[in-house]
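Participant: Could you look at this predicted model? Sequence included:
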Amino acid sequence: MQGEIVAWPEDAIEVGRIVDAWGIKGGIKVLPFSSDPQALFSTRRWFLKPPEDKIVPAGASAPPALLRVTDAREQGDVIVATAQDVPDRNAAESLRGCRVFVSRASFPTADVGEYYWIDLIGLTVVNRQGEALGEVADLLDTGAHSVLRVVPAAGTDAVASAERLIPFVAAYIDDVSLSQRRITVDWGLDY
């Protein structure tokens with residue numbers, strides 16, 4: 001729907017990138033950022049932004065802000081999808097490099113004891129003694145498990161100001177409270 005004003009969701013999360021066209025009827029290949037790309041399957045509304053390094057020339061049309069997905073499925077390491085406003089291969093190729101976002105509210109509900117990384121970023125991390133270790137800046141995927149990268153809060157002392165890498169496994173994680181925005185860990189200040 002060219003020219004339609006699309007309300008960008010306030011909780012938009014980048015979940016993948018369009019890497020190529022697929023077939024001749026307007027299919028696209030999306031490289032998901034997760035090994036379990038269920039967020040892409042949980043909604044038929046994918047929001048697009050052009051790649052950071054691509055400047056749309058004057059007079060050229062910008063990519064649509066919204067794709068209304070009609071079909072999506074896994075195929076190897078990518079998701080192949082078709083959308084209403086992508087009628088042919090040329091239109092699909094013009095989307096190469098676009099960043100794909102979905103509303104966080106449309107993500108499938110996580111199982112008990114499972115968390116989306118995006119929900120952990122920004123949480124305060126405290127140890128069993130109640131000492132603040134910092135907040136989660138991001139997570140690292142080591143293959144075996146995830147690791148919290150905890151950075152110090154502003155204005156902390158030298159010992160507390162070290163960046164910490166804490167394995168996100170039951171041996172070190174006592175509690176995750178999304179409602180209180182806190183993670184309690186078995187981790188000393190001097191680790």
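Facilitator: That came through, no problem.
Participant: Assumed Ile118 was part of a helix.
Facilitator: Yes. Ile118: assigned to a helix according to DSSP: H, G, I helix; E, B strand; the rest coil.
Participant: you'd agree Ile18 is up against Cys98?
Facilitator: Yes. Counting by CB atoms under 8 Å, Cys98 is a contact partner of Ile18 at 4.6 Å. (Each C-beta comes from the backbone N, C-alpha and C, glycine too.)
Participant: domains in the chain, as residue ranges please.
Facilitator: Domain ranges of the chain: 12-106, 117-185, per automatic domain parsing.
Participant: any idea which of those domains is most buried?
Facilitator: Highest mean neighbour count among those (mean count of other CB atoms under 10 Å): domain 12-106, with a mean of 16.
Participant: mind checking how far that domain is from the chain centre?
Facilitator: 14 Å (CA atoms, centre = their mean, to the nearest Å).
Participant: Endpoints of it, how far apart?
Facilitator: Chord length of domain 12-106, first to last residue, is 10 Å (CA to CA, to the nearest Å).
Participant: How about stretch 10-29?
Facilitator: 26 Å.
Participant: Determine the residues that are contacts of both of Ile18 and Cys98.
Facilitator: Common contacts of Ile18 and Cys98 (CB atoms under 8 Å, 6 or more residues apart in numbering): Leu48.
Participant: among the domains of the chain, which is nearest Tyr191?
Facilitator: Tyr191 lies closest to domain 117-185 among those, at 6.8 Å (CB to CB).
Participant: will you turn the domains of the chain into TSV that also has mean pLDDT and distance to Tyr191?
Facilitator: TSV is the format used below for those (pLDDT from 0 to 100; distance: least, CB to CB, whole Å):
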stretch	mean pLDDT	distance to Tyr191
domain 12-106	91	29
domain 117-185	89	7
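Participant: can you redo these as TSV with distance to Val6?
Facilitator: Putting the domains of the chain into TSV (distance: least, CB to CB, whole Å) gives the following:
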stretch	distance to Val6
domain 12-106	4
domain 117-185	22
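Participant: Helices of the chain, start to end?
Facilitator: 38-41, 89-93, 117-120 (DSSP state H).
Participant: Return the list of helices and strands in contact with the last one.
Facilitator: When you say that, I think you mean helix 117-120. strand 132-141 (3 or more CB pairs under 8 Å, 6 or more residues apart in numbering; DSSP states H and E).
Participant: Which strands or helices does the strand it packs on pack on?
Facilitator: So strand 132-141, by 3+ CB pairs under 8 Å, 6+ apart, packs with helix 117-120, strand 124-127, strand 146-151, strand 164-167.
Participant: Please produce TSV containing the ones you listed, extended by distance to Thr109.
Facilitator: Listed next are these as TSV, based on distance: least, CB to CB, whole Å:
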stretch	distance to Thr109
helix 117-120	12
strand 124-127	24
strand 146-151	19
strand 164-167	25
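Participant: out of the ones you listed, nearest to Val80?
Facilitator: Short answer: helix 117-120, nearest of these by CB to CB, at 24.5 Å.
Participant: which outside residues touch the closest one?
Facilitator: So helix 117-120 is in contact with 13, 104, 136, 138-139, 146, 148, 176, 178, 183, going by CB under 8 Å, 6+ apart.
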